[in-house]
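Novice: Sharing a model that was predicted from the sequence below.
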Amino acid sequence: MRSTETSRLPILASVAAVDAVEAITGTRPQIKWPNDLLLRGRKLGGLLIETEMNGPRLAFAVIGIGLNIQHAEDDFSPEVRGLATSLYLATGQLHRRADVLVALLHAFERRLARPFAEAREAWTASSLTLGQRVELNTGRGRKLGQAMGLDDSGALLLRTDTGEIETITAGDMQAL
């Protein structure tokens, strides 16, 4: 994988996680850019990705995907109890972690083998924030605007209040 393609990993991984949850439960979570999965308005899980390059090539990537699978309401701390959910809470059924893992690995493998445009389209269809007015806190400061979509590299396209389109590769987003 080339360095220009590594920024696609969060999109591929989040869509694969959504695909896996849908395959197991029949319910499709939404994605909050850049790395949160929500189900019925509550956080189901998230992603963290660490990469290391060897010149222009990817040396390795560590993709961490955390999903709340069998948690009951009391398993969450009081601070997050109303914000978090699990597959069990959302469906009323206990799901085996191994089954979710197998579905996730198959979904990720399928997404990697297909053109990125398909993953971007699936991400767009599952996005919670596209089209909304948002505030982004980035390494370059605070940005306000409308989340418009993803570019070919997987970066977020933000239409600022001045009408310019900015490419955002990392940050914390809040809907306004």
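Specialist: Happy to help now that I have it.

Novice: ok, and what's touching stretch 42-55?
Specialist: Here stretch 42-55 makes contact (Cβ atoms under 8 Å, 6 or more residues apart in numbering) with 3, 6, 9-10, 13-14, 17, 21, 29, 35-38, 58-68, 80, 82-87, 90. The C-beta positions use only the backbone N, C-alpha and C, and glycine is treated the same way.

Novice: for stretch 17-25, same thing?
Specialist: Stretch 17-25 has contacts (Cβ under 8 Å, 6+ apart) with 27-29, 31, 37, 39, 44-45, 47, 65, 67, 87, 90-91, 93, 95, 99-100, 103-104, 106-107, 110-111, 122, 126.

Novice: quick one: which of the residues you listed sit in helices?
Specialist: Counting by DSSP state H, these place 87, 90-91, 99-100, 103-104, 106-107, 110-111, 122, 126 in helices.

Novice: Just the buried ones out of these, please.
Specialist: Buried by 16 or more other Cβ atoms under 10 Å: 87, 90-91, 100, 103-104, 107, 111, 122, 126, out of the ones in helices among the contacts of stretch 17-25.

Novice: Tabulate those residues (TSV), appending distance to residue 132 and pLDDT.
Specialist: Listed next are those as TSV, based on distance: Cβ to Cβ, whole Å; pLDDT from 0 to 100:
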residue	distance to residue 132	pLDDT
87	26	98
90	23	96
91	27	96
100	29	97
103	29	98
104	28	98
107	26	98
111	25	97
122	19	97
126	14	96
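
Novice: one step back: among the ones in helices among the contacts of stretch 17-25, which one sits closest to residue 136?
Specialist: residue 126 (19.3 Å; Cβ to Cβ).

Novice: ok, now how distant is the closest one from residue 37?
Specialist: 9 Å (Cβ to Cβ, to the nearest Å).

Novice: Now do the shared contacts for these two.
Specialist: 14, 18, 29-31.

Novice: List the buried residues of the lengthiest strand in the chain.
Specialist: The single longest strand within the chain, with elements called by DSSP state E, is strand 42-54. Buried residues in strand 42-54, counted by 16+ other Cβ under 10 Å: 42-47, 49.

Novice: same thing with stretch 127-139?
Specialist: 127-130, 134, 136, 138.

Novice: and if you look at stretch 32-43?
Specialist: Neighbour-count burial for stretch 32-43 flags 32-39, 42-43 (criterion: 16+ other Cβ under 10 Å).

Novice: With respect to residue 148, which of those residues is nearest?
Specialist: Distances from residue 148 to the buried residues of stretch 32-43, taken by Cβ to Cβ, are shortest for residue 33, at 11.3 Å.
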